[in-house]
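Okay, here's the prediction I keep looking at, along with the sequence it came from:
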Amino acid sequence: MTPEPAAPPTITHPTAPLPGSAQAAARPFDVLGKTYEDTYAHLPEQLAAITWLLARLPEAARVLDIGSGTGRPTAERLTAAGHRVTGCDVSQTMVDLARSQVPGARFQLADVRDLAEAPGSWDAITAFFPLLQMRRSDLDETLARIADWLVPGGLFVLATVPFDGEEAELTWMGQRVHCTSYPAEMFRKVLESVGLDVVHEQLSVFYPDFPGMGEEEHLFVYAVKPGGPPAPAHALAGPYPLPAGHRGPHELSETGWSDMEARFERHDVALVVDLLDRNSQVLDVGGGTGAVVREIAERIGRVTTIEPHAAREAAMRPLADRGVRVLPGRAEELPFSDGGFDAGVATWVLHYCDDPDRAVAELARVVDRSHPEAKVVLVQGAPDNELIALWNRTCADLLGEPRDHQGYLLSRAAAILAERGFADVSFTRARVDVVFPEAGAEAKAAAAAQVLAAFWNTGDPRLAELSAALLPALRAHFATGTDRFNDDAVLLVARPRCTAAHPAPAG
């Protein structure tokens, strides 16, 4: 009997992963590794999107970074700001790099399509270019799941390359990839169909610094899930927990303020003026010595200011020649009709008001929410402001006064403004220093004790006692070799919730 011929051996040939699979999406990034970060980590629009998030996220927010790459810049910046970041990526190379570069975040090897997140799990989700290598059916489903995963009021930032095609084969950074997308105008429709409000869309062109690469068109979209609290419990509106109520107004001393103002190095004023660059009808509340209104008028041509103190009002009247209109009035009762201005500003004012809630409501009333540049800008002290901390530690108990809490004022203002239609509330820090150039630590301490006591409590019969009580802490402070105190500020900017016609700025 003739035996059957032996079957030929089976030879397995390596095959390319299927387009749209996690393996196909991972392969180019496994090859590129750190080169991808070197090429794409400094996109101005991506950095602006991260800044937009940082200004709006609640304290210690839970953030999911889809397609987290090497962890830079997204996870790195968000983690540095105290947020709890989880990154997911299909590339083991990228996950390994991210874990080594951003140890404060958590990274997992995972395809977003396989994640099983509970509804309302995340305060924010970012997706910078990770959704291009999946079919449209998967893209649509992923965006719907992202909307479900966000808490009410949660934030979503998407970046992609817009075009009309599915599984289009192309060469990118020397790698063959299959990409899917929509035309730019479709992304708004898709996001709105899954229940998100699109507040910002921006097209830009990028020229990658990589051999053989041409220009790329990028689309950046910011979206918000409806609902949630009227304003975020932002870290810059802390420290938390907040007090139950307002401590009452501080007394304002003209002499004390003048001596203090000469020592300021202020970076908050320039930030305020930049915010008003496209406004034309600005109201400033509490013009003071005119330091802010002078700069506003110089930039946009004119400004109106209300000042309750007669001496200060009179001192500012010569500024009329420079475009500053000065009127008497109180923050709590602004003498203007509804919607008469396109921006309202109050810098370092609320803690002097008898009723700061009413003062904020009045600012909201007189700003026209329909104007494309409508905004209210408030400036108060930062939660780690050294001078406020010094007053609380040393002066409050001695004077029998409640402690100061600037974050309470900012939190209340944010909620009041949101309730009145200024629902896009952001918080950013501004550097302010108070400088004592006197020679030697003892001379600096003596000058600071006199200036600060007069600034805070001119006319108090215990002024000398207060100055003496400040000296030990001031000596210790200046013994470190510094010549200044941190008097940092927080800028609260409240705008009407943006639409396609009124895109959201980065700050």
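Everything's here; your move. Numbers count the residues shown, from 1 in each chain.

Show me where the stretch 251-400 of the chain dips below the pLDDT cut-off.
Low-confidence regions of the stretch 251-400 of the chain, defined by pLDDT under 70, are absent; no residue qualifies.

Tell me where it has strands.
For the stretch 251-400 of the chain, the strands identified by DSSP state E, counting those that start in this stretch occupy 264-266, 282-285, 303-307, 324-328, 343-347, 375-381, in order along the chain.

so what secondary structure elements neighbour the longest one?
Strand 375-381 is packed against helix 268-275, strand 343-347, helix 356-366, helix 406-419, strand 489-495, with contacts defined by 3 or more C-beta pairs under 8 Å, 6 or more residues apart in numbering; DSSP states H and E. The C-beta positions use only the backbone N, C-alpha and C, and glycine is treated the same way.

Centre of the chain to the fourth one, how far?
Looking back up the chat, that one is helix 406-419. For helix 406-419, the distance between its averaged C-alpha position and the chain's averaged C-alpha position is 16 Å (C-alpha atoms, centre = their mean, to the nearest Å).

Equivalent analysis for stretch 189-202, please.
Between the mean C-alpha point of stretch 189-202 and the mean C-alpha point of its chain there is a distance of 20 Å (C-alpha atoms, centre = their mean).

I'd like the helices and strands packed on strand 375-381 as a markdown table, with mean neighbour count appended.
What follows is these, written out as a markdown table (neighbours: other C-beta atoms under 10 Å):
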| stretch | mean neighbour count |
| --- | --- |
| helix 268-275 | 18 |
| strand 343-347 | 27 |
| helix 356-366 | 21 |
| helix 406-419 | 23 |
| strand 489-495 | 25 |
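
Can you add distance to Ala26 and give these back as CSV?
Converted to CSV, the helices and strands packed on strand 375-381 look like this (distance: least, C-beta to C-beta, whole Å):
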stretch, distance to Ala26
helix 268-275, 42
strand 343-347, 48
helix 356-366, 50
helix 406-419, 42
strand 489-495, 40
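
Which of the strands of the stretch 251-400 of the chain sits closest to Ala110?
Across these, Ala110 has its closest neighbour in strand 375-381 (39.9 Å, C-beta to C-beta).

Pull up the pairing partners for the closest one, direction included.
In the sheet containing strand 375-381, its partner strands are strand 343-347 (parallel), strand 489-495 (antiparallel), by DSSP bridges.

Check the spacing between the nearest residue to Glu295 once chain neighbours are set aside and Gly120 real quick.
Nearest residue to Glu295 in three dimensions, chain neighbours excluded: Val273, at 4.9 Å (C-beta to C-beta, 6 or more residues apart in numbering). With distances taken as C-beta to C-beta, to the nearest Å, Val273 is found 40 Å from Gly120.

Ramachandran coordinates for Ser193?
phi -70, psi -20 (degrees, to the nearest 10).

contacting residues for it?
Remark: with contacts taken as C-beta atoms under 8 Å, 6 or more residues apart in numbering, Ser193 is in contact with nothing.

returning to that earlier point: any idea which of the strands paired with strand 375-381 gets closest to Leu155?
Closest approach to Leu155 among the strands paired with strand 375-381 is made by strand 489-495 (15.0 Å; C-beta to C-beta).

and the angle from the closest one to helix 356-366?
Strand 489-495 and helix 356-366 are oriented at 40 degrees to each other (axes from the mean of the first three to the mean of the last three C-alpha atoms, to 10 degrees).

which outside residues touch strand 489-495?
Under C-beta under 8 Å, 6+ apart, the answer for strand 489-495 is 55, 236-237, 268, 271-272, 275, 348, 364, 374-383, 385, 406, 410, 413-414, 417-418, 422-432, 504, 507.

quick revisit: I'd like the strands paired with strand 375-381 as a markdown table, with distance to Pro152 appended.
What follows is these, written out as a markdown table (distance: least, C-beta to C-beta, whole Å):
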| stretch | distance to Pro152 |
| --- | --- |
| strand 343-347 | 28 |
| strand 489-495 | 19 |
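
Run through the bridge partners of Arg429.
With DSSP bridges as the rule, Arg429 is bridged to Val490.

in the stretch 101-250 of the chain, which spans are strands?
Assigned strands in the stretch 101-250 of the chain, in chain order: 106-109, 122-128, 150-160, 165-172, 175-181, 197-206, 216-224 (criterion: DSSP E, counting those that start in this stretch).

so what strands line up beside the second one?
So that's strand 122-128. Looking at strand 122-128 with DSSP bridges, what it pairs with is strand 62-66 (parallel), strand 150-160 (parallel).

How far does it sit from its chain's centre?
In this view, strand 122-128 has its centroid 15 Å away from the chain centroid, taken as C-alpha atoms, centre = their mean.

got the angle for it vs strand 216-224?
Taking the same axes, to 10 degrees, one finds that strand 122-128 is oriented at 170 degrees with respect to strand 216-224.

Any regions of the stretch 401-507 of the chain where pLDDT drops low?
Per-residue confidence for the stretch 401-507 of the chain (pLDDT under 70) gives these ranges: 498-507.

hey, where'd the helices end up in it?
406-419, 441-457, 463-478 (DSSP state H, counting those that start in this stretch).

Can you lay out these as JSON lines showing distance to Asp357?
Formatted as JSON lines, the helices of the stretch 401-507 of the chain follow (distance: least, C-beta to C-beta, whole Å):
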{"stretch": "helix 406-419", "distance to Asp357": "6"}
{"stretch": "helix 441-457", "distance to Asp357": "23"}
{"stretch": "helix 463-478", "distance to Asp357": "29"}
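
which of those helices is buried the deepest?
When you average the neighbours per residue for each of the helices of the stretch 401-507 of the chain (mean count of other C-beta atoms under 10 Å), helix 406-419 leads with a mean of 23.

neighbouring contacts of that helix?
Residues outside helix 406-419 that contact it (C-beta under 8 Å, 6+ apart): 229-234, 236-240, 242-243, 245-246, 350-351, 356-357, 360-361, 364, 376, 378, 380-383, 385, 388, 425, 427, 490, 492, 494.

Now a PyMOL select for only the buried ones of those residues.
For anyone working in PyMOL, the buried entries among the contacts of helix 406-419, judged by 16 or more other C-beta atoms under 10 Å, can be selected with:
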select buried, resi 231+232+233+234+236+237+238+242+246+350+351+356+357+360+361+364+376+378+380+381+382+383+385+388+425+427+490+492+494
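
And Val151, how far from Ser121?
Val151 is 8 Å from Ser121, by C-beta to C-beta.

In terms of neighbours, single out the busier of the two.
Comparing Val151 with Ser121 by neighbour count (other C-beta atoms under 10 Å), the higher total belongs to Val151, at 19 against 16.

That one touches Trp122, doesn't it?
Yes: contact between Val151 and Trp122 holds when scored by C-beta atoms under 8 Å: they sit 6.8 Å apart.

CSV for the strands paired with strand 122-128, including mean pLDDT and distance to Phe478?
Output for those, formatted as CSV (pLDDT from 0 to 100; distance: least, C-beta to C-beta, whole Å):
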stretch, mean pLDDT, distance to Phe478
strand 62-66, 98, 40
strand 150-160, 98, 43
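
Between the ones you listed, which one is closest to Cys179.
The minimum distance between Cys179 and the strands paired with strand 122-128 falls on strand 150-160, with 9.6 Å, by C-beta to C-beta.

Could you give the number of residues near the residue lying closest to Tyr222 once chain neighbours are set aside?
On the basis of C-beta to C-beta, 6+ apart, the spatially nearest residue to Tyr222 that is not a chain neighbour turns out to be His200, at 3.9 Å. The number of residues packed around His200, counting by other C-beta under 10 Å, is 22.
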